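S.K.: From the sequence below, what's the structure:
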Amino acid sequence: MDNPENFSEVFIVGGGTGGITVAARLAKKKVFSSISIIEPSSVHYYQPIWTLVGGGVFPKEISERRESEVIPGGVHWIQDSVASFQPEQNALVTQTGQKWNYKYLIVSPGMEIFWDRIQGLNETLGQNGVCSNYSYETVESTWKEIHNFKGGRAIFTFPNTPIKCGGAPQKIMYLAEDYFRKMHIRKDCEVIFASAGAQIFGVKKYAEKLAGIVQERDIHTLFKHNLVAIDGKKREAQFKNVETQEEKILKFNMIHVTPPMGAPAFIRNSPLADKEGWISVDKFSLQHIKYPNIFGLGDASSLPTSRTGAAIRKQAPTVVENLINLAYGKPLTAKYNGYTSCPLVTRYGKVVLAEFDYDGNPCESFPFDQSEERTSMYILKKYFLPAMYWDGMLKGRL
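M.R.: Residues are numbered from 1 along each chain as shown. Okay, the predicted model is just below:
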C-alpha cells in the first residue's frame, strides 16, 4: 500500500504486540482510509515463551516471525524509528528525517532495556555464570547455565523499575530449582530471589501461594535489594538496599539478571510523556491526557498495571472502540479495568495462573481456584497461549 504524501489517517508507533493487535482490529473495521505502522525491527518476537526457552523446553527460534508476516493486510509498514513528536501539528519526524502527518496517533513502542545501568553487566553477560532471559541474544545462556550447574549459589534478580511481565524473574527461578532437584543436586544448591520489591507478588491471593512455594522449596528471599553491579570474573554481585542504601555483596556460581527497564528515550523526552517518562494516558479510556487524538497502550504507557501481553489483549479493543467513537463524534464509552494476567510457571509442568485488575481483585477465567499449581494451566501456557497470540491477537480475532 503506497502512501506518497506522508499522511496517514491513523498512525501507529510500534509494531510489537500492542501496535499489531490494534492495527489488525482497525483494518478489519474498515473505518479509516489509511493506517500506517512505524517499526524498525525486521523480526517480531513472542517474548513470553522465553521463560520456557531459558528453561530448556523450547529452542529460541520458536519465538520469532518476520515482521512482514505479522503486518496486517492493508496496513502500510514504515521500517524506520521515531525521532520526535509534534503533537500540536499532528506530526512526527523519523530518524531518517521524514515528517509524517496524521489525524489520529496510537503509541505502543514497548519498553527499552537498560543493560548498562548495572555496572559490569554488559561485559560479562553470557559468561562467568551470568545470564538473562530478557533478550533473544541472551536467552539461550540461561539454559546453558541451568543445565551445566553443579551446585553452589544461584541468584535470580528483580530490579527497582517496572518490567515486562512482573512474574518472569521468579518463573525461571522455579524452573531452575526444579531442574536442580531432577538432577539430584538440590542439596548442594542455595537458591536466592533478590528483589528490589518488598514481597514476592503484588496480589494477595497469589502472593500467599507463592510465598508458600518459596518456603516449601527452601528458596531464600532478599527483598528491597536492587542489583547495581556485577563483577563476572570474581563472580560477585553488588546489591543496594532501596531504603537504607546500604550495599551487600553476594558471591554467586550463577546469576539470572532481570535488567532495569523503562520507556524508550524518544518517548521519555517527548511532549507525550508524564513526569516519569511514560505515555500519559487516562487509565480507563487510554486516551492521552493532553492530546485527545492520541491514544497509548502497552508497556510504555502510564497504565498502573502489570505489563503483559494479556493486558494488551484487553487494552487493544478499548483503544479501537474509543478511537472509532472519537472519529464519529461519540463519547468514549469503552473502559479498560486494568486486567492483566501472569501464568506463573512454578515448576516443569505446573502453572499458577494469576489474573487481576487495577485494584488487585482476581479476575479469573476458569471455574476453579487458579492460585493452585495446575498441569492444565501449564499446557495453556506452553501451547495454547502462543497459538492465541500468533493466530488470534495479531490477526485481530481476540
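
S.K.: Next up, the contacts around Val107.
M.R.: Contact analysis of Val107 by C-beta atoms under 8 Å, 6 or more residues apart in numbering lists Ile12, Val13, Gly14, Ile267, Leu272, Ile279, Ile294, Phe295, Gly296, Leu297, Ala300, Ser301. All C-beta spots, glycine's among them, are computed from the backbone N, C-alpha and C.

S.K.: For Leu250, give me its contacts.
M.R.: By C-beta under 8 Å, 6+ apart, the contact set of Leu250 is Arg153, Ile155, Ile192, Ala194, Glu236, Ala237, Phe239.

S.K.: I'd like to know which of those are buried.
M.R.: By neighbour count, with 16 or more other C-beta atoms under 10 Å, the contacts of Leu250 hold Arg153, Ile155, Ile192, Ala194, Ala237, Phe239 as buried.

S.K.: so where is the chain shaky, pLDDT-wise?
M.R.: In the predicted model, the chain carries pLDDT under 70 at residues 1-4.

S.K.: Test of understanding: give the bridge partners of the residue nearest the centre of it.
M.R.: When C-alpha atoms, centre = their mean is applied to the chain, the residue found nearest the centroid is Lys164 (2.5 Å). Here Lys164 sits in beta bridges with Arg307, as judged by DSSP bridges.

S.K.: any idea how far it is from Met261?
M.R.: Distance of Lys164 to Met261, computed by C-beta to C-beta, to the nearest Å: 7 Å.

S.K.: that older thread, distance to Asp369 and secondary structure added to the buried ones among the contacts of Leu250, as a markdown table?
M.R.: Converted to a markdown table, those look like this (distance: C-beta to C-beta, whole Å; DSSP: H, G, I helix; E, B strand; the rest coil):
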| residue | distance to Asp369 | secondary structure |
| --- | --- | --- |
| Arg153 | 34 | strand |
| Ile155 | 31 | strand |
| Ile192 | 29 | strand |
| Ala194 | 30 | strand |
| Ala237 | 37 | strand |
| Phe239 | 35 | strand |
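
S.K.: Just give me the closest of the residues you listed to Thr318.
M.R.: Ala194 (36.1 Å; C-beta to C-beta).

S.K.: Excluding chain neighbours, what is closest to the closest one?
M.R.: Nearest non-adjacent residue to Ala194, counting by C-beta to C-beta, 6 or more residues apart in numbering: Leu222, 4.3 Å away.
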